[in-house]
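**Q** Just a sequence and a predicted model for now, questions to come.
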Amino acid sequence: MLTRSSSPSRYFPESATQEMLEEWRPLLCPFDVTMQRAISYFELFLPTTLPPELHHKGFKLWFDELISLWASVQNLPGWEVHLVNLFARLANDNIGYIDWDPYIPKIFTRILRSLNLPVGTSQMLVPRYAANAYDISHVVLWVSSLLGGPSKQAQAQLSGLFNSITSFFHPSNHGRWLMKLMKLLQRLPASVVRRLHRERYRKPTWLTPVPDSHKLTEQDITDFVQSMMQPVLLAMFSKTGSLDAAQALQNLALMRPELVIPPVLEKTYPAMETLTEPHQLTATLSCMIGVARSLVSGGQRFPEGPTHMLPLLVRALPGVDPNDFSKCMITFQFIATFVTLVPLVDCSSALLERTDLTEVERELCSASAEFEDFVLQFMDRCFALIDSSTLEQTREETETEKMTHLESLVELGLSSTFSTILTQCSLEIFKARLLFPFSYIDTHVVEFVQVALKKVFNFATTNIFETRVAGRMVADMCRAASKCHPTESLKRFVPHCCNAINQIAINEEVLNEEELDKELLWNLQLLSEVTRVDGDKVLPYRSQLVQILQLTLRLKCKQGYTLACNMLHHILRSTALVYPTEYCSMPGGFHRPPGDHLPIKDWGRPGDLWNLDIQWHVPCVEETSFAFYILDLILQPELQRLQRFSQGEQEMSRDDVLQSLAIVQHCLLGAGSLMPPLKGEPVAELVHSMVNLEETHLYIGREYDVSRENYRDAICSVMRQLLRKLTHSLNSDYILEHSEDDTKSLFSIIKIISDLLHFKGSHKHEFDSRWKRFNLVKKSMENRLHGRKQHIRALLIDRVMLQHELRKLTVEGCQYRSIHQDLMKDLLRLSTSTYSQVRSRAQGVLFTALGTYNFCCRDLIPHVLEFLNPNRSDVTQQQFKGALYCLLGNHSGVCLANLHDWDCITLTWPAIVRSGLSSAMSLEKPSIVRLFDDLADKIHRQYETIGIDFSVPEECCAAAQRLMVAGKPVPPQPVPSEQELAACRKIQENKNTDSEGKYEKLVGDLLGGISNRNM
């Protein structure tokens, strides 16, 4: 709350400043603790955005007094930090209206002292300076606001400051002061860029504009960049990492690329040639990523910048090194960043067709002929990386066969970089060799085609890879080729993989083998990845793919049917979801001839936000029919099999149950967007309201086909029957003895229930991961100087897709129905199961559901409290613990013990107190004691008092009625009549009376529990 308190100060009346001074000025005593409180209040609330004609009622009332106070105190008291924050805000809001020149030398002296740098041979540090140091974010705001103006004194002092501290940025120097210096280095250019954007590019607002006399001139910008270059170049190789320096260089390059980029290039080219200094290479590549967009964009200030792009890409290829993961990852990031900004199109023919090219453009057109060689070399490097990443090369016999964390990062970097390269390739060049394989084509076309597809296909089909590490990397490359150019890729991969699988699986004995042939597994993995393409491109191969699915989904080998389930999942998703089909840097791709449009002019160009021309995949009728055909053919028999098993009509082993559940789960994950929500009658009598509480349905690109069977309901029915089979009531000794320890099946059922309740095409954790990745990429490529969403087109499309997924994930406020009630009771049963892992997973799903459906907590709480009832002797300690965990909740979900509802609290709190009498309560178990401590702590720290009287004043009712009859905006509901208003007042009065009674009852029950001698 304190961090936001300064924002409303701009809405205070003109007299607010004088009133605050009269109230808090008496507290200003440097020798009293009230000084800290007074300065804190001033920092938070004093208005600093008044227009110039009202300055005599604003900062002029207090500025001279406080600045004199600041100048007279030399021992850095605690309140000085708050005073500096106030001055920084004042300077930023009133650039050009305050004469700071008399104080500038002292300001920079105090800033230098606040950095608490070691001085002298003893390396002495003053403890109080470390504790009360200035906040760097406010320091850079203050400094950036002082720059410019007629005197130029601030820039002279800033240059002197950096000259005095430059040696501290040397890589050999290290200490706790270094983090503060790096923050200063990283944030100051960003603050100057924000000021420059405000002065030159931002649309005018009601805030006070900067006078022309104090706006930053071109010479001011040049002087600022020059003063920062030396420390930034030293900080590139800091022991704390190069990220801060890279961000500083990114902002400096936006202002003066001709001063920033050449020195970085001078350090980068030698670093790429040496093999003995990997840290130097990773640091320089990280900084080059920061200036990549300024480099490839060129412009009037640095027109020769784009000519460095291809030499840098070629020299970076040796960084794809299997022996150095960090160098390999930064190289992938470097290549992907540059390729995202640059279309990989051969423009050499434009030299003969166009006569209007500049010398730099002619050089770029000539160099673009080398794109094919670069892609060829990159793929050779990737193949070498894959060959050295096989399990046989990287594992001992006793080690795990799963991917390590580093290997998964390399896999992600490899697949995303290769996908970016193919996305930025010319489509016509890619097609030429495939459509005319033996006709005459230019040499560069033939070479590039070999890179684009043929080389990948040959590498994937002439080798047999294990499917856990190297196989996943190769399959990702094939998936990238299929995703970017599906028609041509599927023509090669699908027939080959289907034929190979059919030839091996023609022998029925293979289907029952525990360990499958490696060639079969590899082709199955390859086929599962290359089918992750647009749904309409899969349709020509549907008969072959369905045949393979029917053959492999019933394999006995778990690894084999898991790969088949993945293929089932991918095929269904590609035919069911709405998603963009291309992410090229320019709309329409790169199919226009160089004579009409020169792609080198698009290097680094931002996308047009109002003309993105996104190509969407929206499932057609044929795709939807194919998806439901697969569900009828594959999902329905599995549901029938599980239903017969749950009814005791058919025997199934645990492995068979797991296999069927895996198929059901992948069908739900693949086609969940086609399945309407669960049906059921709304649960009545939870809450009485005269307002419509039905959920709001968001349109997400298509409507559900209600004429077809709703498999979500069918899956729900079977899962509930199966769950009763596996965790029946305590009366069924046989089932308890033979089935309740089948935890793997219970895990699968919990996951399926979660997807039944919440899944509409994407998961929240996947969305969060993509959102973080999007923000990282945006931060590394954004142009803060010009602003106005000057992002590249691929980023804008990704942002639109994230917004589409966010709409699908919006589930808050859903109506609570009978089917949800049944599923949540099942989850509660699992949340109080015997096995801790089952309880934990079920509780996670339960907490998410509690935050999704309206007023469901009112219905569930009595069932949870049954396990805490001291009169029940049949409750086990596991059930008791599970119920306590259900009350406690998780960090981000609903806590049943903390609900702001008198009906719930009057049940929950006394039940927690009385649970100490339960036979399942044992103080000898530390976990139960810890749970009670956590519950008490959460209630004590996080619970906010509920109101008793919720009466609405008549003035508010009158204002609301005037707003409704105004017609702007038009209310969705008609204006309530006098009879309805009277009924509402009556309901409110009854609720207030009931709340008061509930409060008194709660106090009485708690006091009764305290007075119980058995407690």
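**A** Perfect, thanks for sending it. Numbers count the residues shown, from 1 in each chain.

**Q** Phi and psi next, for the nearest residue to residue 371 once chain neighbours are set aside.
**A** Closest residue to residue 371 apart from its sequence neighbours, by Cβ to Cβ, 6 or more residues apart in numbering: residue 344 at 4.7 Å. C-beta: built from backbone N, CA, C; applies to glycine. Note on residue 344: its backbone torsions stand at phi -90, psi 80 [degrees, to the nearest 10].

**Q** Give me the neighbour count for residue 344.
**A** By the measure other Cβ atoms under 10 Å, the count of residues near residue 344 is 24.

**Q** Help me confirm that it comes into contact with residue 424.
**A** Yes. With contacts defined as Cβ atoms under 8 Å, residue 344 counts as touching residue 424 at a distance of 4.7 Å.

**Q** Just the local confidence number for the residue nearest to residue 371, please.
**A** Predicted confidence (pLDDT) at residue 344: the value is 87.

**Q** contacting residues for it?
**A** 371, 375, 421, 424, 425, 426 (Cβ atoms under 8 Å, 6 or more residues apart in numbering).

**Q** List the beta-bridge partners for it.
**A** With DSSP bridges as the criterion, the beta-bridge partners of residue 344 are residue 425.

**Q** hmm, back to that, relative to residue 469, which of the contacts of residue 344 is nearest.
**A** residue 421 (22.0 Å; Cβ to Cβ).

**Q** what's the closest non-adjacent residue to the closest one?
**A** Distances taken as Cβ to Cβ, 6+ apart place residue 339 nearest to residue 421, at 5.4 Å, with adjacent residues excluded.

**Q** So the one you found is in contact with residue 424, correct?
**A** Yes. The pair residue 339 and residue 424 qualifies as a contact (Cβ under 8 Å) at a distance of 5.3 Å.

**Q** Could you verify that residue 203 is part of a strand?
**A** No. In this structure, residue 203 is coil, not part of a strand, as judged by DSSP: H, G, I helix; E, B strand; the rest coil.

**Q** Now do the phi/psi pair for it.
**A** On the backbone of residue 203 - angles per degrees, to the nearest 10 - the values are phi -70, psi 140.

**Q** Neighbours of it, how many?
**A** Counted by other Cβ under 10 Å, the residues lying close to residue 203 total 6.

**Q** Centre of the chain to the top helix by length along the chain, how far?
**A** In the chain, ranked by residue count with DSSP state H as the criterion, the top helix is helix 978-1011. A distance of 43 Å separates the C-alpha centroid of helix 978-1011 from that of its chain, computed with Cα atoms, centre = their mean, to the nearest Å.

**Q** same thing with stretch 164-184?
**A** Shown here is stretch 164-184, whose average C-alpha point lies 32 Å from the average C-alpha point of the whole chain (Cα atoms, centre = their mean).

**Q** Ok, stretch 848-855 next?
**A** Using Cα atoms, centre = their mean, we find the averaged C-alpha position of stretch 848-855 to lie 23 Å away from the chain's own average C-alpha position.

**Q** Residues touching it, excluding its own?
**A** Applying Cβ under 8 Å, 6+ apart, the external contacts of stretch 848-855 come out as 686-687, 693, 695, 754, 757-758, 811-816, 820, 823-824, 827, 856-857, 860, 889, 893-894, 896.

**Q** Now which of the residues you listed would you call buried?
**A** A residue is treated as buried here by neighbour count (16 or more other Cβ atoms under 10 Å); on that basis the buried members of the contacts of stretch 848-855 are 686, 754, 757-758, 811, 814-816, 820, 823-824, 827, 856-857, 860, 889, 894, 896.

**Q** coming back round to it: now do the longest helix of the chain: which elements does it pack against?
**A** helix 902-914 (3 or more Cβ pairs under 8 Å, 6 or more residues apart in numbering; DSSP states H and E).

**Q** Output the helix it packs on as CSV, nothing but the C-alphas.
**A** Once non-C-alpha atoms are left out, helix 902-914 reads as follows in CSV (Å, rounded to 0.1, in the frame of the first residue of the first chain):
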residue,chain,number,x,y,z
TRP,A,902,-19.9,-15.8,8.7
ASP,A,903,-21.7,-19.1,7.8
CYS,A,904,-18.3,-20.8,7.1
ILE,A,905,-16.3,-19.3,10.0
THR,A,906,-18.9,-20.2,12.6
LEU,A,907,-18.5,-23.9,11.5
THR,A,908,-14.8,-24.0,10.8
TRP,A,909,-13.2,-22.3,13.8
PRO,A,910,-15.0,-24.2,16.6
ALA,A,911,-14.5,-27.4,14.7
ILE,A,912,-10.7,-26.8,14.6
VAL,A,913,-10.8,-26.1,18.4
ARG,A,914,-12.9,-29.2,19.1
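
**Q** Show the average pLDDT along that helix.
**A** The predicted confidence, averaged over helix 902-914, sits at 91.

**Q** ditto for stretch 681-694
**A** Averaged across stretch 681-694, pLDDT comes to 81.

**Q** May I have whichever strand or helix holds the residue nearest to residue 421 as CSV, with CA atoms only?
**A** Assigned by DSSP states H and E, residue 339 belongs to helix 325-341. Backbone C-alpha positions of helix 325-341 (Å, rounded to 0.1, in the frame of the first residue of the first chain) are rendered in CSV as follows:
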residue,chain,number,x,y,z
PHE,A,325,26.7,-26.1,-22.2
SER,A,326,26.8,-22.4,-21.3
LYS,A,327,28.5,-21.4,-24.5
CYS,A,328,26.2,-23.7,-26.5
MET,A,329,23.1,-22.0,-25.0
ILE,A,330,24.3,-18.4,-25.5
THR,A,331,25.1,-19.3,-29.1
PHE,A,332,21.7,-20.7,-29.8
GLN,A,333,20.2,-17.5,-28.2
PHE,A,334,22.5,-15.3,-30.3
ILE,A,335,21.7,-17.1,-33.6
ALA,A,336,17.9,-17.2,-32.8
THR,A,337,17.9,-13.4,-32.0
PHE,A,338,19.6,-12.3,-35.2
VAL,A,339,17.6,-14.7,-37.4
THR,A,340,14.3,-13.5,-35.9
LEU,A,341,15.2,-10.0,-37.0
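
**Q** Quick check, residue 34 in contact with residue 25.
**A** No. The pair formed by residue 34 and residue 25 falls short of the contact definition of Cβ under 8 Å, at 11.1 Å.

**Q** List the residues that contact residue 624.
**A** Residues counted as contacts of residue 624 (Cβ under 8 Å, 6+ apart) are 575, 576, 674, 705.

**Q** Can you report how many residues lie near the second one?
**A** As a burial measure, residue 576 scores 22 neighbours (other Cβ under 10 Å).

**Q** Could you check how far it is from residue 696?
**A** When distance is defined by Cβ to Cβ, to the nearest Å, residue 576 is 23 Å away from residue 696.

**Q** do the same with the third one
**A** In this structure, residue 674 and residue 696 are 21 Å apart, going by Cβ to Cβ.

**Q** So between the two, which is more surrounded?
**A** When neighbours are counted by other Cβ under 10 Å, residue 674 and residue 696 differ, and residue 674 comes out ahead with 25 against 8.

**Q** so that one makes contact with residue 704?
**A** Yes. At 7.2 Å, residue 674 and residue 704 qualify as touching, with contact defined as Cβ under 8 Å.
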